[in-house]
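**Student:** Sharing a model prediction with you, sequence too.
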Amino acid sequence: MIKREGLYCILLVDDDDATNFIHEMVIKMAGIDTHIEICNSARKALDYLTCKGEYSANTSYPQPGIIFLDINMPGMSGWDFLKEYDTLPDEQRAKVVVSMLTTSLNPDDEQKGNSDPNVERFIIKPLTADKLIAIVDANFKE
């Protein structure tokens, strides 16, 4: 199992349950030793990060090491999430690696994602062990 300093949680934000299941399996099969939190909407992910809604019992703000964020979700898109995420206090965003994980092949989406200061990577689905390990190796010490 790969244990990395600062990687205590990976947050999957996608409205598709099958995609979340597959990505959870990829993380586990890659041997990443961390908690995996799954939110099936951008709103739920913001509630998780801010300890609101069903997460109001949390006593401290969770700070996942990596957030894998889908773009196209009903209600609140990944872009809408990023607008609200940007308003969180700096200490909540300081060590979080946000990766857009999408099926979008639109170059405008990729440019928009790469120009957002909160987004480290723009990745085309599916998440693979190689893509995951590249992010982990680039951002978390052994």
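**Tutor:** Noted; the coordinates are in hand. Numbers count the residues shown, from 1 in each chain.

**Student:** Counting neighbours, which bits of the least confident helix or strand in the chain by mean pLDDT end up buried?
**Tutor:** Across the helices and strands of the chain, the lowest-confidence element by mean pLDDT, DSSP states H and E is helix 90-93, at a mean of 85. Across helix 90-93, burial judged by 16 or more other CB atoms under 10 Å covers Arg93. No exception for glycine: its C-beta is placed from N, CA and C like everyone else's.

**Student:** which residues sit against it?
**Tutor:** Leu49, Tyr61, Gln63, Tyr85, Asp86, Asn118 (CB atoms under 8 Å, 6 or more residues apart in numbering).

**Student:** Is it correct that the third one is in contact with Val96?
**Tutor:** It refers to Gln63. Yes: Gln63 is within contact range of Val96, at 6.1 Å (criterion: CB atoms under 8 Å).

**Student:** More neighbours: the two, which one.
**Tutor:** Taking other CB atoms under 10 Å, Gln63 and Val96 do not tie; Val96 has more neighbours (20 against 16).

**Student:** and that one, what is it in contact with?
**Tutor:** Contacts of Val96 (CB under 8 Å, 6+ apart): Gln63, Pro64, Gly65, Ile66, Ile67.

**Student:** what are the phi and psi values for it?
**Tutor:** Note on Val96: its backbone torsions stand at phi -100, psi 130 [degrees, to the nearest 10].

**Student:** Just the closest of the contacts of helix 90-93 to Leu12, please.
**Tutor:** Leu49 (13.2 Å; CB to CB).

**Student:** and that closest one, what element?
**Tutor:** helix 42-50 (DSSP states H and E).

**Student:** again, but for Ile38
**Tutor:** Assigned by DSSP H and E, Ile38 falls in strand 35-39.

**Student:** Touching the helix ranked longest in the chain from outside, list them.
**Tutor:** Criterion DSSP state H: the longest helix present in the chain is helix 17-29. Contacts with helix 17-29, where a contact means CB under 8 Å, 6+ apart, come from 10, 12, 14, 34, 36, 38, 40, 68, 70, 101, 125-129, 132.
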